[in-house]
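**Student:** no sequence on hand, only this structure:
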DNA sequence: AATAAGCTGAAATAAAAATTCATGCGAAGT
DNA sequence: ACTTCGCATGAATTTTTATTTCAGCTTATT
């Protein structure tokens, strides 16, 4: 937590970086340990670029500056987490199933790790504050992201928070058009490029609501640019990635972390509320309350 | 000296340090995390000493300079951040957030591992055969499990398979009442005790449909008993487990594995179908097809 | 062909780190 | 009691490092 995840960011931003910056990023990914002893000038020289390019790279991956980069890379190394394996899962009938499933597992776990490592405690706190104080919490995502939103809604309801969501664009537009600065709008879209989501996020922004988004890290990600507080999701999957749900799972995990922090802040009453809602649900269970079934899941 | 053990060095050198340096060392030992954002001047000011003193301290503990100090401290912190924590996630305001999140991560990953490790290849194959041959695939889950079902549906649709699902019990009852031995009924319920799900699963079973369930492993699990082919989900979470989505994520992962295997069996046409559906979705993207955005996610 | 958009590194500026050095203080020697 | 020495200290300076600016250049766009 706290300071970290820069290697993730480097590799996920790599494709959209300008040449000079990409060259530097690649070098760092290959020789992260050596970075510690280099100055901006050294690094520029080694990678055959300029000091300006190094600084631009720092901005691109959104760290505070060259020192910030160094410090983050060191933290990443110290945590020693560099996963192995190929970047993408591919559909290939010749791959034996068991090894496909192994990759599936590895990729999913990698996504979870990176997503959680990249979340800043201060961001989580800010988010929690806003969630608690919001007059309305409005969440929007369509397609696969709708699943994430739905889960979010269910969990906030359990805590008694005023959250609203629907996949219906028109209904949502009506709602978003009425948002004020006392409300939160949360957009979910891994690509950050879904037209409907962008449109409503823009509207929410214009209305002055606090805008938060769950999306992939990319400097050019248009959705992230609209956010007061973006939360970045890391996922690894096949190009035509049927089956794999890495981005979905990473998103759910990020939400979990948020909700967990939220529940922490009003632990006493949270316990009570949860008991209430669970009791309500339990009456639809077949077995008795004495069952050893873990609560809260259906 | 590489990167390491500087906090130790600081405390062991402390007794022999000059006053001004000792004051700085003590401050660092007390607030190591804050050091990251400070310059020499800042630190000198905070500790009421001078820049020269800070530099002297660096020399005293034999690091290369102020940047070296910073980097080493960060590495130390990062290393200490190793996950800790108990078997269960609890809502407890006293647990520091970062360690809660470490547990969250560990628990989630544990669930994924166990779930995937427990899946038998022969079961997956059988499942895939049935999915391909089914006249209708009907999936049912409510509450949190509805999220899983919805994801399943979206993915099967992309492959052009005839899947139907709704959370509405009555509609679902109407459908299930018409199932035949040529259909698949898939029930999702982590507890295996949800009344609605059990009732419809019973009905599907009676109608002779092939019944498969996603549920937790338990000898007495009533849902599992009704299944022709049960798939077991493993999850680890706190008792009142707001926030954590371990069972949800494990379920999604199991589904992923199934779908992945399924897509593998008709790789050629799967590729084509996927391209078609992705093209359809892409027209709602803001950017052009040349975008580097990974496909298939919204 | 004209224009815009955006990379790029050289050079200038700003900021930070490291050194130098005059000062002061206390202990040891006379 | 007074000098001398050793060394701790921070103000001021120098050196190094990071960051910004900008003009030229490439590459798409119309």
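**Tutor:** Received, thanks. The structure presented is a predicted model; accordingly, all values stated were derived computationally and were not measured.
**Student:** now the nearest residue to residue A:253 once chain neighbours are set aside: which helix or strand?
**Tutor:** Using Cβ to Cβ, 6 or more residues apart in numbering or on different chains and skipping the chain neighbours, the partner closest in space to residue A:253 is residue A:112 (5.0 Å). In short, each C-beta sits where N, CA and C put it, glycine included. Per DSSP states H and E, residue A:112 falls inside helix A:97-118.
**Student:** that helix: what's the following helix or strand?
**Tutor:** Taking DSSP H and E, what comes next after helix A:97-118 is helix A:121-133.
**Student:** check the offset of the helix or strand just after that following helix from the chain's centre.
**Tutor:** Downstream of helix A:121-133, the next assigned helix or strand under DSSP H and E is strand A:137-140. Relative to its chain's centre, strand A:137-140 lies at 16 Å (Cα atoms, centre = their mean, to the nearest Å).
**Student:** again, but for stretch A:117-131
**Tutor:** 12 Å.
**Student:** now the angle between helix B:97-118 and the helix holding residue A:112, please.
**Tutor:** In terms of direction (axes from the mean of the first three to the mean of the last three Cα atoms, to 10 degrees), helix A:97-118 departs from helix B:97-118 by 170 degrees.
**Student:** can you pull the contacts of the residue nearest to residue A:253?
**Tutor:** Listed by Cβ atoms under 8 Å, 6 or more residues apart in numbering or on different chains, the contact set of residue A:112 reads A:249, A:250, A:253, B:105, B:108, B:109.
**Student:** can you rerun that using 10 Å?
**Tutor:** Contact analysis of residue A:112 by Cβ atoms under 10 Å, 6 or more residues apart in numbering or on different chains lists A:234-235, A:246, A:249-250, A:252-254, A:256, B:104-105, B:108-109, B:112, B:249.
**Student:** closest one of the residues you listed to DNA strand D?
**Tutor:** residue A:234 (25.0 Å; Cβ to the nearest atom of the strand).
**Student:** next, count neighbours for the closest one.
**Tutor:** When neighbours are defined as other Cβ atoms under 10 Å in any protein chain shown, residue A:234 has 24 of them.
**Student:** quick check, it in contact with residue A:113.
**Tutor:** Yes: Residue A:234 lies in contact with residue A:113 (Cβ atoms under 10 Å); the separation is 8.3 Å.
**Student:** shared neighbours of those two, which are they?
**Tutor:** A:5, A:8, A:250.
**Student:** report the lowest-confidence entry in those residues.
**Tutor:** Within the shared contacts of residue A:234 and residue A:113, residue A:5 has the lowest pLDDT, namely 72.
**Student:** helix, strand or coil for the residue of the stretch 151-298 of chain A found nearest DNA strand C?
**Tutor:** Using Cβ to the nearest atom of the strand, the single residue of the stretch 151-298 of chain A nearest to DNA strand C is residue A:220, 8.7 Å away. Per DSSP: H, G, I helix; E, B strand; the rest coil, the local secondary structure of residue A:220 is coil.
**Student:** which non-adjacent residue is nearest it?
**Tutor:** Ranked by Cβ to Cβ, 6+ apart and with sequence neighbours excluded, the top spatial neighbour of residue A:220 is residue A:16, at 5.6 Å.
**Student:** what pLDDT, on average, does the helix or strand harbouring residue A:212 get?
**Tutor:** Per DSSP H and E: residue A:212 is located in strand A:210-216. Computed over strand A:210-216, the mean pLDDT rounds to 94.
**Student:** now do the contacts for residue A:54.
**Tutor:** Shown in contact with residue A:54 (Cβ under 10 Å, 6+ apart): A:20-21, A:24, A:28, A:38-44, A:47, A:66, A:69.
**Student:** which parts of chain A sit against DNA strand C?
**Tutor:** A:18, A:19, A:20, A:21, A:48, A:49, A:50, A:51, A:52, A:53, A:56 (Cβ under 7 Å from any atom of the strand).
**Student:** rebuild these as JSON lines, extending it with secondary structure.
**Tutor:** Shown next, in JSON lines, are the residues of chain A next to DNA strand C (three-state DSSP):
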{"residue": "A:18", "secondary structure": "coil"}
{"residue": "A:19", "secondary structure": "helix"}
{"residue": "A:20", "secondary structure": "helix"}
{"residue": "A:21", "secondary structure": "helix"}
{"residue": "A:48", "secondary structure": "coil"}
{"residue": "A:49", "secondary structure": "coil"}
{"residue": "A:50", "secondary structure": "coil"}
{"residue": "A:51", "secondary structure": "helix"}
{"residue": "A:52", "secondary structure": "helix"}
{"residue": "A:53", "secondary structure": "helix"}
{"residue": "A:56", "secondary structure": "helix"}
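**Student:** and these near DNA strand D, which?
**Tutor:** When contact is defined as Cβ under 7 Å from any atom of the strand, those meet DNA strand D at A:51, A:52.
**Student:** which of the residues of chain A next to DNA strand C are buried, as a PyMOL select command?
**Tutor:** Command for PyMOL that selects the buried part of those, burial taken from 16 or more other Cβ atoms under 10 Å in any protein chain shown:
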select buried, chain A and resi 20+21+49+53+56
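**Student:** closest one to residue A:154 out of the residues of chain A next to DNA strand C, please.
**Tutor:** Nearest to residue A:154 among the residues of chain A next to DNA strand C is residue A:21, at 41.8 Å by Cβ to Cβ.
**Student:** excluding chain neighbours, give the residue nearest to that closest one in space.
**Tutor:** Excluding its sequence neighbours, the residue lying closest to residue A:21 (Cβ to Cβ, 6+ apart) is residue A:57, at 4.3 Å.
**Student:** how many neighbours does that neighbour have?
**Tutor:** When neighbours are counted by other Cβ under 10 Å, residue A:57 registers 26.
**Student:** one more: residue A:26?
**Tutor:** Residues near residue A:26, counting by other Cβ under 10 Å, number 15.
**Student:** from residue A:57, how far out is it?
**Tutor:** 11 Å (Cβ to Cβ, to the nearest Å).
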